[in-house]
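> got a predicted structure plus its sequence, pasted below:
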Amino acid sequence: MKKILMIFTLFLITGALVIGQTVQISGTVTSSEDGLALPGVNVTVKGTTIGAITDASGRYTLSAPTSAQALTFSFIGYRTIEVPIAGKTRIDAVLQQDVFNVEEVLVVAYGTQQKRDITGSVASVKGDDIKAPVQSFDQALQGKATGVAITLPNGVLNNPPVIRIRGFNSISGSSYPLIVVDGVPIATGNWGGTATTNALADINPADIASMDILKDASATALYGSRAANGVILITTKRGSGARTKVTYDGYVGMTEPYHLFQMMNAEQYVEHKNKAWANAGSATRISIVNDSNGDPISTKWADYVYRKGLQHNHTLSFSGSTPSTSYFLSVGYSNQEGMIRKNNFERKNARLNLEHKLNKYITLGSNIGYTNGYTTSPVTGSSFATAGAARLAFVLPPNLSPYKNDGSGNYNIEGSAIGRMGQPFPALGYYNPVAILNLNKFTTETDRLLANFNASLEPIKGLVLKTAFGMDNLTSEQTYFQSPVTGDGFGSNGAAGASNEKFRRWTWTNTLNYNLTLLEKFNLGLLGGVEEQRSKDTWWSGDKTNVADPFFTVYQGT
């Protein structure tokens, strides 16, 4: 009996030792993207609370029960994987980034959905697909999505393009689509005067992660009547990866007019003009005029109006994440010279996107972008406008000069028009483009704050309660100065003015999202908001002999 009892006791002790036995497992976790070690990765024994976190070198060590079957590796911004233990004491893991894939997941008003679940017409464009030396993302959108047409009305810098989704959708109203950035509907169109300003240029193309274009009537169910012309949903970049990723995006280039008209020189012009007058029975004849050095004047006016403009753009971004926080910070600077002289565009911008998980239930997020834009632009004109510098390059006689030929260096002007330099021309109504480009000035400066703040609660997996508050605060200041010496300001004895416009849009959304299965979703969104737009204009005019210009240095010449 004693032997039986002893054997039974030894059996229980041996079983307890086997059950309580553990094995030490260690290894290293790296990223599949660059092979670098990942610190802060959660390593747990599947089915237990036993775990460890990788150190700065990506290494971990834990004690697992001998009965454990697998280890689970999880990290924000990366796909969670399971690796079988299978008696091994060293287990290395390689994690793949879980990048937002616009081919599979689409942004739809209040949240995201799988592409296969959407019945409406939606086109998706990745941020990498619009990487091009352009002023704004809309210029690079042409040809990237079916049914979306982008047209640039002219070559003036920062001029708003014409965007049409599936053609014209209104007879008398606007056919411009609704633009939404990170859930905030934004102002669009021209926010300048003569110095046109494209509101969409306030968004740095390098900050865009993806764009989804809603093209059919189903968009109105999400955004109301404003979506009748389609909706372009823009999602800016987010941070991912355990290490801080520093990225530089930039370009340097030149812009110039393409295939300018080849105009007659002075000798050819004088010959043909005199033949035309002779054929018309007129005794009027013109001749070639010499400059102050005695050389014949033969002006190529296009050289005084057009130019090769330098353009350069730079964006520096920092992104990354920890187990609870992801961040994306970018700063950018763009400076572009247009193909017409005195046409320049400068943009300074910064963006900060943060997402922080307070605990397993509550997540806070913010997307904040600030942009300062400054545009200068002359009157380029259209059709038969006498002030349009672009047209003056092709209508002025080449035997006239922009400056007088007496060696004084003064502009060749007669009142508001160009001087005839003793030639028997009829009264010329065209301006001297060099004078109006140098003396007049038109500017637009904008300051814009685009922000979104949100909080989401997930009490149980799949049930998400989210509230978000967004704002679009845009201020535009436009100034102009028309010299009394010549041009448009001559008749009014000079003029100057300034106008200020303020646009404010506040938006808030409350969303209940519950995923019934992978294929069924229920999404209830409540959207509200208010808009406010104010403007203030001031102007000034004075005697051309005593100009008190409050904005610019007054030209002190004749």
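Alright, I've got the coordinates. Residues are numbered from 1 along each chain as shown.

> how much space separates R164 from L233?
According to Cβ to Cβ, to the nearest Å, R164 stands 17 Å off from L233. C-beta coordinates here come from the backbone N, C-alpha and C atoms, glycine included.

> just checking: what are the partner strands of the helix or strand hosting N454?
Element membership for N454 (DSSP states H and E) is strand 441-460. Next to strand 441-460 in the sheet, as set by DSSP bridges, lie strand 362-376 (antiparallel), strand 463-482 (antiparallel).

> start and end of stretch 354-367, how far apart?
7 Å (Cα to Cα, to the nearest Å).

> any idea of the mean pLDDT for that stretch?
Mean pLDDT, computed over stretch 354-367, is 93.

> what's in contact with it?
Stretch 354-367 is contacted from outside by 76, 182, 236, 238-239, 324-328, 351-353, 450-459, using Cβ atoms under 8 Å, 6 or more residues apart in numbering.

> who has more neighbours, R164 and L233?
Shown here are R164 and L233; by other Cβ atoms under 10 Å, L233 has more neighbours (24 against 18).

> can you name the residues bridging to that one?
V180, D212.

> ok so, going back, comparing the strands paired with strand 441-460, which yields the minimum mean pLDDT?
Within the strands paired with strand 441-460, confidence is poorest for strand 463-482, with a mean of 91 (mean pLDDT).

> now do it: distance to the chain's middle.
In terms of Cα atoms, centre = their mean, to the nearest Å, the centre of strand 463-482 is found 14 Å from the chain centre.

> same deal with stretch 326-340?
Mean-position distance between stretch 326-340 and its chain equals 9 Å (Cα atoms, centre = their mean).

> got the buried residues for that stretch?
Buried residues in stretch 326-340, counted by 16 or more other Cβ atoms under 10 Å: S326, Y327, F328, L329, S330, G332, S334, Q336, E337, G338, M339, I340.

> so the last one sits right up against Y304, yeah?
No: if you go by Cβ atoms under 8 Å, I340 and Y304 don't touch, sitting 10.7 Å apart.

> shouldn't Y304 be within a helix?
Yes: counting by DSSP: H, G, I helix; E, B strand; the rest coil, Y304 is located in a helix.

> do I have it right that it meets P433?
Yes: with contact defined as Cβ under 8 Å, Y304 reaches P433; the gap is 6.0 Å.

> common neighbours of these two, please.
Among the neighbours of Y304, those also in contact with P433 (Cβ under 8 Å, 6+ apart) are A393, P402.

> more neighbours, the two?
Neighbours were tallied for Y304 and for P433 using other Cβ under 10 Å; the higher tally belongs to P433 (27 against 18).

> tell me the contacts of the closest residue to I413 other than its chain neighbours?
Nearest residue to I413, sequence neighbours excluded (Cβ to Cβ, 6 or more residues apart in numbering): T486, at 4.4 Å. Contact analysis of T486 by Cβ under 8 Å, 6+ apart lists Y411, I413, G415, S416, A417, Y431, N432, A435, I436, L439.

> can you count the residues close to the last one?
This means L439. Neighbourhood size, L439 [other Cβ under 10 Å]: 23.

> got a list of what it touches?
Here L439 is in contact with S483, V485, T486, G487, Y555 (criterion: Cβ under 8 Å, 6+ apart).

> what is the nearest of these to A495?
Closest approach to A495 among these (Cβ to Cβ): S483, at 9.1 Å.

> rewinding a little: who wins for neighbours among the contacts of T486?
N432 (29 neighbours).

> my guess is it contacts I413. True?
Yes: if you go by Cβ under 8 Å, N432 and I413 touch, sitting 5.3 Å apart.

> residues contacting P296?
Contact analysis of P296 by Cβ under 8 Å, 6+ apart lists A266, E267, I288, V289, N290.

> helices along this structure, start to end?
2-20, 220-223, 266-279, 302-305, 389-395, 433-439 (DSSP state H).

> confidence-wise, which of those is weakest overall?
Minimum mean pLDDT among those: helix 2-20, a mean of 44.

> return the distance of the strand holding N454 from the chain's centre.
That offset, for strand 441-460, works out to 13 Å (Cα atoms, centre = their mean).

> stretch 368-380 now?
With Cα atoms, centre = their mean, you get 13 Å for stretch 368-380.

> residues of that stretch that come out buried?
I368, G369, Y370, T371, G373, Y374, T375, T376, S377, P378, V379, T380.

> can you add distance to P133 and give the residues you listed back as JSON lines?
Shown next, in JSON lines, are the buried residues of stretch 368-380 (distance: Cβ to Cβ, whole Å):
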{"residue": "I368", "distance to P133": "26"}
{"residue": "G369", "distance to P133": "21"}
{"residue": "Y370", "distance to P133": "23"}
{"residue": "T371", "distance to P133": "18"}
{"residue": "G373", "distance to P133": "17"}
{"residue": "Y374", "distance to P133": "19"}
{"residue": "T375", "distance to P133": "18"}
{"residue": "T376", "distance to P133": "20"}
{"residue": "S377", "distance to P133": "20"}
{"residue": "P378", "distance to P133": "23"}
{"residue": "V379", "distance to P133": "27"}
{"residue": "T380", "distance to P133": "22"}
